[in-house]
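Q: Give me a model of this one.
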Amino acid sequence: MSKEMKPILIGALTAGVIIAVGVGFHAWTIKTIPYSYRQNLLDAVDYLAGKNVFNRVDSLQ
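A: Presented below is the predicted three-dimensional model:
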């Protein structure tokens with residue numbers, strides 16, 4: 001493999017891993033967290049923890 005191709009290959013592999021992780025996380029989120037809790041990151045954290053972690057008045061928990 002030539003020296004010019006190595007950075008391109010590493011970049012392509014890195015981009016592929018980032019995309020695969022993003023798609024996997026998105027699929028896991030959809031299957032795990034109900035729609036109403038996915039509207040806000042703080043609500044998702046509250047849902048996963050099973051309690052109002054941030055002591056917010058408008059928490060869905």
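
Q: Local confidence estimate at Q61?
A: Note for Q61: predicted pLDDT of 63.

Q: Likewise for M1?
A: pLDDT for M1: 66.

Q: Centroid-nearest residue for this protein?
A: The residue lying closest to the centre of the chain (Cα atoms, centre = their mean) is F25, at 4.5 Å.

Q: list the contacts for that one?
A: With Cβ atoms under 8 Å, 6 or more residues apart in numbering as the criterion, no residue contacts F25. No exception for glycine: its C-beta is placed from N, CA and C like everyone else's.

Q: Using just helix, strand and coil, how would you label it?
A: Three-state assignment for F25 (DSSP: H, G, I helix; E, B strand; the rest coil): helix.

Q: Roughly how far does K51 sit from V45?
A: Going from K51 to V45 by Cβ to Cβ, to the nearest Å gives 10 Å.

Q: Show the pLDDT at the residue nearest to the centre of the chain.
A: Per-residue confidence (pLDDT) for F25: 89.

Q: For T14, see how far away S2 is.
A: In terms of Cβ to Cβ, S2 sits 19 Å off from T14.

Q: And for F25?
A: Where T14 is concerned, F25 sits at a distance of 17 Å (Cβ to Cβ).

Q: Would you mind putting the CA coordinates of stretch 10-17 into PDB?
A: Output of stretch 10-17 as PDB, limited to C-alpha atoms (Å, rounded to 0.1, in the frame of the first residue of the first chain):
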ATOM      1  CA  ILE A  10      -7.800   5.400   7.800                       C
ATOM      2  CA  GLY A  11     -10.200   8.300   7.200                       C
ATOM      3  CA  ALA A  12     -12.700   6.100   5.400                       C
ATOM      4  CA  LEU A  13     -12.500   3.500   8.200                       C
ATOM      5  CA  THR A  14     -13.000   6.200  10.800                       C
ATOM      6  CA  ALA A  15     -16.000   7.700   9.000                       C
ATOM      7  CA  GLY A  16     -17.500   4.200   8.700                       C
ATOM      8  CA  VAL A  17     -17.100   3.500  12.400                       C
END
